[in-house]
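Trainee: Next one to model:
(one chain, ligands or ions: 1)
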Amino acid sequence: MTTTVPATTSTHPAVDHPTVDRPGVDRPGADRPGADLDELIRRDPGAHRVLTGDRPTGPLHLGHYFGTLQNRVRLQRLGTEMFVVVADYQVITDRDVADRLAEHTENLVLDYLAAGLDPDRATIFAHSAVPALNQLLLPFLSLVSVAELGRNPTVKDEIAHSGQSAVNGLMFTYPVHQAADILFCKANVVPVGQDQLPHLEVARTVARRFNERYPHPDGTGVFPRPDALLSAAPMLLGTDGGKMSKSRGNAVALSATADATARLIRGARTDTDRRITYDPAARPEVSSLVLLAALCQDRAPELVAEEIGDGGAAALKRTVTEAVNERFGPMRARREELAADRGYVRQVLRDGAERANAVADATLAEVRAVMGSV
Ligand code: TRP
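Mentor: As a prediction, the model looks like this:
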């Protein structure tokens with residue numbers, strides 16, 4: 001059995017999202033009941049604009065790769081326009097300081113480029129470098145109630161996990177900020193994990209309410225209603241059997257060396273049954289390792305397990321290490337080449353910021369016009 005929770009963004013258990021004021025209307029996907037978004041994108045990539053992003057808090061790992069990065073590269077190849085936000089302001093939602101922000105930001109961009117995002121086709125930019133995007137937060141905040149903010153299940157969960165004694169205002173309002181990330185470029189597709197669905201619902205609500213409150217003279221709304229594109233990637237566990245996480249030391253980074261990969265996998269938790277099987281419910285740790293090898297080799301996990309047979313954990317770990325190092329070797333080599341030229345990475349961010357600023361300025365001008373601010 002494989003779960004369909006994406007590996008990267010499933011930071012929290014699946015959540016039940018509260019409906020805002022019109023039942024069902026703001027559920028991501030509600031506009032296109034039964035429509036297969038992926039199919040729609042394949043049929044008409046030019047009609048879709050994608051926005052995704054990550055917080056720059058540490059290196060991306062293999063869970064991120066199979067959960068979202070791979071999918072972004074696929075969408076890029078299909079020819080959809082793509083914006084990728086390095087959500088630097090969002091880092092301080094659950095911590096007091098943004099540690100080594102410039103370094104994490106540049107490393108994140110290196111991970112993107114190594115994975116195959118093409119800066120000529122995807123606009124990669126830092127959140128803090130686009131003032132007009134951030135200015136959208138003010139009118140947007142007026143469109144949601146404090147009670148709605150308080151009901152967001154992902155935020156509630158993050159508050160519970162943050163260990164902070166007081167909830168800061170950014171933690172409480174960041175889903176609205178994230179709505180601005182999505183809406184500033186009028187994205188209509190947001191590839192996300194389950195945990196981000198409540199946030200997408202906020203973005204849809206904000207778009208709808210803004211369009212209702214400030215109708216465009218030509219009868220159309222300023223903002224489209226974005227849809228979630230849920231990842232179908234099965235869940236990878238960390239080497240300790242827990243949730244794979246940037247901060248727990250239980251994840252193989254995209255940028256890890258072959259030796260570091262071998263070390264981490266050698267220390268991975270397994271069980272004492274020598275016969276290797278793929279059975280995620282009964283043997284989560286062993287099955288996650290089998291799955292990792294299978295994803296790297298584009299094969300079925302059952303087949304990988306059968307091949308190892310009675311070889312035990314040692315053979316399993318050897319197989320996984322080889323599979324990871326083989327699959328990611330070229331990406332890591334490319335990453336190293338790119339990393340040698342920090343000037344290039346900064347240029348990618350400057351170019352991305354320039355494009356994002358032009359788009360954000362145009363959207364803000366429209367917003368101010370319909371609000372009568374001019
Ligand atoms: N919240 C996302 C995360 O923690 C990052 C993010 C910021 C994002 N803005 C976004 C994701 C807009 C999708 C859309 O991974």
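Trainee: before we move on, what SS does the closest residue to the ligand within the stretch 201-350 of the chain have?
Mentor: In the stretch 201-350 of the chain, the residue that lies nearest the ligand is A203 (7.9 Å; Cβ to the nearest ligand atom). (Glycine included, C-beta is placed from N, CA and C.) State at A203, reduced to three classes by DSSP: H, G, I helix; E, B strand; the rest coil: helix.
Trainee: give me the element the closest residue to it other than its chain neighbours is part of.
Mentor: Leaving aside its chain neighbours, A203 sits nearest to A179 (3.8 Å; criterion: Cβ to Cβ, 6 or more residues apart in numbering). Using DSSP states H and E, A179 sits in helix 169-183.
Trainee: is that helix up against the ligand anywhere?
Mentor: Yes - Helix 169-183 is in contact with the ligand by Cβ under 6 Å from any ligand atom, via Q178, D181, I182.
Trainee: average pLDDT for stretch 186-196?
Mentor: The pLDDT scores in stretch 186-196 average 90.
Trainee: hmm, it touching the ligand?
Mentor: Yes - remark: stretch 186-196 sits within contact range of the ligand at V190, V192, Q196, by Cβ under 6 Å from any ligand atom.
Trainee: for the second one, what are its contacts?
Mentor: Just to be clear, that refers to V192. Residues counted as contacts of V192 (Cβ atoms under 8 Å, 6 or more residues apart in numbering) are T9, T52, H199, L200, A228, L229, L230, S231.
Trainee: Let's see which of the residues you listed end up in helices.
Mentor: Among the contacts of V192, the members falling in helices are H199, L200 (criterion: DSSP state H).
Trainee: Select, from the contacts of V192, the two members most distant in space.
Mentor: H199 and S231 (15.1 Å; Cβ to Cβ).
Trainee: These two: who's more crowded?
Mentor: Legend: neighbour count by other Cβ atoms under 10 Å for H199 and S231, higher for H199 (25 against 22).
Trainee: Just confirm the more buried one contacts E158, I think it does.
Mentor: No - between H199 and E158 there is no contact under Cβ atoms under 8 Å: 10.9 Å.
Trainee: Okay, domains of the chain per the record?
Mentor: According to automatic domain parsing, the chain comprises the domains 24-233+341-371, 258-336.
Trainee: closest one to D240 among the ones you listed?
Mentor: Of the domains of the chain, nearest to D240 by Cβ to Cβ is domain 258-336, at 5.8 Å.
Trainee: burial count for the residue nearest to A203?
Mentor: So A179, with other Cβ under 10 Å, has 28 neighbours.
Trainee: need the contact list for it.
Mentor: F140, H199, V202, A203, V206, A207.
Trainee: Break down the stretch 1-150 of the chain into its helices, ranges please.
Mentor: 37-43, 62-64, 70-78, 101-115, 131-135, 137-141, 146-151 (DSSP state H, counting those that start in this stretch).
Trainee: Of the ones you listed, which is nearest the ligand?
Mentor: helix 62-64 (9.2 Å).
Trainee: Can you name the residues in contact with the closest one?
Mentor: Around helix 62-64, the neighbours that count as contacts under Cβ under 8 Å, 6+ apart are 7-8, 54, 111, 236, 244, 251-254, 292, 324, 328.
Trainee: do it and the ligand meet?
Mentor: No - interface with the ligand: helix 62-64 contributes nothing (Cβ under 6 Å from any ligand atom), its closest point being 9.2 Å away.
Trainee: picking up where we left off before, mind putting the contacts of A179 into TSV with pLDDT and distance to D94?
Mentor: Below are the contacts of A179 laid out as TSV (pLDDT from 0 to 100; distance: Cβ to Cβ, whole Å):
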residue	pLDDT	distance to D94
F140	98	21
H199	96	15
V202	97	18
A203	98	20
V206	98	22
A207	98	26
